[in-house]
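K.L.:
just a sequence and a predicted model for now, questions to come.
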Amino acid sequence: MALKLNAFPSQSPRFALPQMASLRSPKFSMASTLRSGTKEVENLKKPCTPPREVHVQVTHSMPPQKIEIFKSIEDWAEQNILVHLKPVEKCWQPQDFLPDPASDGFEEQVRELRERAKEIPDEYFVVLVGDMITEEALPTYQTMLNTLDGVRDETGASPTPWAVWTRAWTAEENRHGDLLNKYLYLCGRVDMRQIEKTIQYLIGSGMDPRTENSPYLGFIYTSFQERATFISHGNTARHAKDYGDLKLAQICGTIASDEKRHETAYTKIVEKLFEIDPDGAITSFADMMKKKIAMPAHLMYDGRDDKLFDHFSAVAQRLGVYTAKDYADILEFLVGRWKVQDLTGLSGEGRKAQEYLCGLAPRIRRLEERAQARAKQGPAIPFSWIFDRNVGL
C-alpha cells in the first residue's frame, strides 16, 4: 500500500505528499503536524507511543443510509473487485527471490547478495528501509480497513466480498514486507535491531488517515496510497538497476506490480461510487485532499528521532523515489480516472468540490516550482537504521 503534508492536501512509501511549499507557508513538511488553528490531541510520552500529535478523531461521519449503497453492490464487488486477487498457488513468494537456505550453495548465494549490496549507497538503503518498515506495519492497515462502516469484516471470517477482499489483500501485501525484510537482513548493510524497533513503534502507534469510518473516504485514501506505493517501489527498482543489482531491482519491481493491481481495484470501487452517488463521491474526494493524504507511516519513530518520518521523506524526495511532482501526478491521474471534470448535475457543494479538485494539481506544481527555486541543500544527519551513518537530506 505503499509514503504527510503540512497545510496542504496531501507520504515515500505508503505515501502522500512529499516535502514542498504549502499554500500558507514557504515550507512544506511531510510530518504528521497539524495545520495552524486545527484542534489537536498531543500524545503523552508512553513506553510504546512516540511523542507525536494526532487530529481530534471524527468517527462515523457517513450517513447511516449510505451503508445500503455498499450492501447493494456486493454482487458487483464480487464480480469486479475480487478478480484483482490472485490465487495463492499462482502468487510469487518471497523465497522465489532469495538465497535458498536448504541449498548447498546457500552461503555462496548470500555472499553474492552481499557483494552486490556493497555497491549501493547509504541514502538508497534509508529509503528502502523506510519502504520496508511501512510495508511491515500491515496490521495497522487491515485494522484501518476494518473501521469502515458497511464494508468491515464483522466476524473475522465474514463471507461478504468486502471482507474477503480485505483479508486476501492483506495476505498479498504481507509478502512485500517479508521479502524486503529478509533481503535487508541478508545484505549486512543495515542495523536490523533498530529497524525492528521502528516497526514495533509504528504498529503500536497506528495511523491517523482521517477517514472517519467512511468507505467513501477510505477507498479514496487507498486509491491514492496504492498508486503512490506503486510509484515508490518502481523508482527503487530503477535505482537498484542503476547500481547494478538486478536481483534487487526485480524484487522492487515485482512489489510495484502488486501495488498497481491493488490500485486498479480500489480506483474501480471509487469509480462505482461516482456512478451511483456523484455528489457524495466528489465531496468526499475534495474532503480527503483538503485534509491531506497522510502517509501510513507518518508516526514512524525509532526511539531516538522524533522527526524520523520527515527525514526519511526528505531523502526519498531528494533521490526522486517519491516527490511532490509524484503527488501532483497522482492527484491529476485520479481526477482524470474518475472523470471529475466531466461530471454534471452536481449540487452547489459538489460543483465547488469539482472546481477545487480540477485546479489543485496545477496549484501544487506551481508551489513546487517556487519551492525548488528556493531550495537549499539540507544537512546530513545520522540514521539509526544504517548504524548512525550520516545521510544528506
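P.N.:
Looks like it arrived, so ask away.
K.L.:
how near is L393 to S384?
P.N.:
Between L393 and S384 the computed distance is 15 Å (Cβ to Cβ, to the nearest Å). Using the backbone N, CA and C atoms, a C-beta is placed for each residue, glycine as well.
K.L.:
my bad, should have said P296
P.N.:
Going from P296 to S384 by Cβ to Cβ gives 21 Å.
K.L.:
please, where are all the helices along the stretch 151-300 of the chain?
P.N.:
Counting by DSSP state H, counting those that start in this stretch, the stretch 151-300 of the chain has these helices, from start to end: 161-187, 192-205, 215-242, 246-276, 278-291.
K.L.:
where in this protein is pLDDT low?
P.N.:
Across the chain, residues meeting the criterion (pLDDT under 70) sit at 1-53.
K.L.:
hmm, what's the outermost residue in it?
P.N.:
Relative to the mean C-alpha coordinate of the chain, counting by Cα atoms, centre = their mean, the farthest residue is D104 (38.7 Å).
K.L.:
that one belongs to a helix?
P.N.:
No. Under DSSP: H, G, I helix; E, B strand; the rest coil, D104 sits outside any helix and is assigned coil.
K.L.:
about what we covered before: looking at P296 and S384, which one has more neighbours?
P.N.:
More crowded of P296 and S384, by other Cβ atoms under 10 Å: P296, with 33 against 19.
K.L.:
the more buried one contacts Y141, correct?
P.N.:
Yes. Judged on Cβ atoms under 8 Å, P296 makes contact with Y141 at a distance of 6.2 Å.
K.L.:
if I look at the closest residue to D149 other than its chain neighbours, how far off is E154?
P.N.:
Sequence neighbours aside, N213 is the residue nearest to D149 in space, at 5.0 Å (criterion: Cβ to Cβ, 6 or more residues apart in numbering). Plainly put, N213 is 14 Å away from E154 if you go by Cβ to Cβ.
K.L.:
of these two, who's got more company?
P.N.:
Set N213 next to E154 and count neighbours by other Cβ under 10 Å: N213 wins out with 18 against 11.
K.L.:
show me what contacts that one?
P.N.:
Contacts for N213 (Cβ atoms under 8 Å, 6 or more residues apart in numbering) come out as 59-62, 147-149.
K.L.:
of the residues you listed, grab the buried ones for ChimeraX.
P.N.:
Applying 16 or more other Cβ atoms under 10 Å to those, the buried members can be selected in ChimeraX as follows:
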select :62,147,148,149
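K.L.:
of the contacts of N213, closest to A373?
P.N.:
Nearest to A373 out of these is S61 (Cβ to Cβ; 39.4 Å).
K.L.:
count of residues packed around the residue lying closest to the closest one once chain neighbours are set aside?
P.N.:
In space, and not counting its chain neighbours, S61 is closest to E212: 4.0 Å by Cβ to Cβ, 6+ apart. Burial measure for E212: 21 neighbouring residues, criterion other Cβ under 10 Å.
K.L.:
my guess is E212 contacts H60, does it?
P.N.:
Yes. Counting by Cβ under 8 Å, H60 is a contact partner of E212 at 7.1 Å.
K.L.:
follow-up on the earlier one: distance of the residue nearest to S61 relative to Y322?
P.N.:
For E212, the distance to Y322 (Cβ to Cβ) stands at 26 Å.
K.L.:
cool, V164 as well?
P.N.:
Computed as Cβ to Cβ, the V164 to Y322 distance reads 31 Å.
K.L.:
neighbour-wise, which of those two wins?
P.N.:
Neighbour comparison, V164 and Y322: the larger count goes to Y322, with 33 against 18 (by other Cβ under 10 Å).
K.L.:
is it true that that one touches R227?
P.N.:
No. Using Cβ under 8 Å, Y322 is not in contact with R227; the gap is 11.0 Å.
K.L.:
distance check, W385 against F125.
P.N.:
W385 is 7 Å from F125, by Cβ to Cβ.
K.L.:
what's the overlap in contacts for these two?
P.N.:
Joint contacts of W385 and F125 (Cβ under 8 Å, 6+ apart) are V190.
K.L.:
looking at the two, which is more packed in?
P.N.:
Remark: of W385 and F125, W385 carries more neighbours, 29 against 22, as counted by other Cβ under 10 Å.
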